[in-house]
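Undergrad: Pasting the sequence and the predicted model now:
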Amino acid sequence: MDIDFKNVPKHYAARTHEKMEDVLMDPNGVGPSIHYYMIRGGKNQKNITVWEPGTVSGEYIKTYGHYHVGQLDENYDILFGQGIALVQKLAMDENGEMIADKVEEFKAIVTKPGNRIYMAPGYGHLLVNTGETYFVTADDSPVDFEERDPTSFPGHADYTLVKKMRGFAYYVVEHDGQPALKKNPLYKSIAKEDLDGLPVVG
Ligand SMILES: [Fe+2]
């Protein structure tokens, strides 16, 4: 076995409440100081993500969400807990640029441990912890530990559109103790959607 320890200090990363305020349904809501933890190993070793359970003003704890630049796809293996994946593809303008507030396709996927969720190229994705325990996944996204401009290599994650729109087209909220979806009013249209049987609340 030939393991290089050089990048070990860069493996761990945490997403704080302060950072998540960008994309929360209620940016003034009270949440845990850290929403989720990542141990980044990359394509072969995998990236492990652990979500805290709970809600912020009724919205379940989630990952920030991003789009990949270029033709990168990835798989999320659901290891533990209860969660929902949100996937969305934005409409494109005539120059092939994504239109921030027009969704071509939106999908919610209720997951179970053992499921593998495929994130196709061009589809933004985030995952939500809807249970009372940690929610844990392993994904095979490549990781780049070098200090360089992230736009200089393909497949990097683009967070800017998610930030601009304050999250995805729907928020996952607790309603009568169960997960439900609530529309993000900043989005103008959703052409096609599959909500996996989840109710939509106003
Ligand atoms: Fe990703």
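TA: On my side now, so go ahead. It should be emphasised that the depicted structure is a prediction, and the values quoted were computed from it without experimental measurement. Numbers count the residues shown, from 1 in each chain.

Undergrad: Work out for me the element the closest residue to residue 200 other than its chain neighbours sits within.
TA: Computed as C-beta to C-beta, 6 or more residues apart in numbering, the closest residue to residue 200 that is not its neighbour in sequence is residue 181, at 5.0 Å. For every residue, glycine as well, the C-beta is placed using N, CA and C. Per DSSP states H and E: residue 181 is located in strand 178-183.

Undergrad: now swap in residue 122 and tell me
TA: Per DSSP H and E, there is no helix or strand for residue 122.

Undergrad: Just grab the bridge partners of the nearest residue to it once chain neighbours are set aside for me.
TA: If the residues on either side of it in the chain are set aside, residue 122 comes closest to residue 89, at 5.7 Å by C-beta to C-beta, 6+ apart. Beta-bridge pairing of residue 89 under DSSP bridges involves residue 105.

Undergrad: and if you look at residue 172?
TA: residue 181.

Undergrad: Can I get stretch 57-76 in CSV, CA atoms only?
TA: Taking Å, rounded to 0.1, in the frame of the first residue of the first chain, the C-alpha atoms of stretch 57-76 are listed here in CSV:
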residue,chain,number,x,y,z
SER,A,57,-36.8,28.4,10.3
GLY,A,58,-38.5,25.2,9.2
GLU,A,59,-36.0,24.4,6.3
TYR,A,60,-34.1,21.2,6.8
ILE,A,61,-30.3,21.4,6.9
LYS,A,62,-28.8,21.0,3.4
THR,A,63,-25.7,21.4,1.4
TYR,A,64,-25.1,24.7,-0.4
GLY,A,65,-25.7,23.2,-3.9
HIS,A,66,-23.6,23.8,-7.0
TYR,A,67,-23.4,23.2,-10.8
HIS,A,68,-20.4,21.5,-12.3
VAL,A,69,-18.5,23.3,-15.0
GLY,A,70,-17.9,21.1,-18.1
GLN,A,71,-19.1,17.6,-18.6
LEU,A,72,-18.5,16.2,-15.2
ASP,A,73,-21.0,13.8,-13.6
GLU,A,74,-20.9,12.2,-10.2
ASN,A,75,-22.5,9.5,-8.1
TYR,A,76,-23.7,9.9,-4.5
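
Undergrad: And the most centrally placed residue in the chain, how far from residue 93?
TA: Nearest residue to the geometric centre of the chain (C-alpha atoms, centre = their mean): residue 126, 1.7 Å. Using C-beta to C-beta, to the nearest Å, one gets 23 Å for the distance from residue 126 to residue 93.
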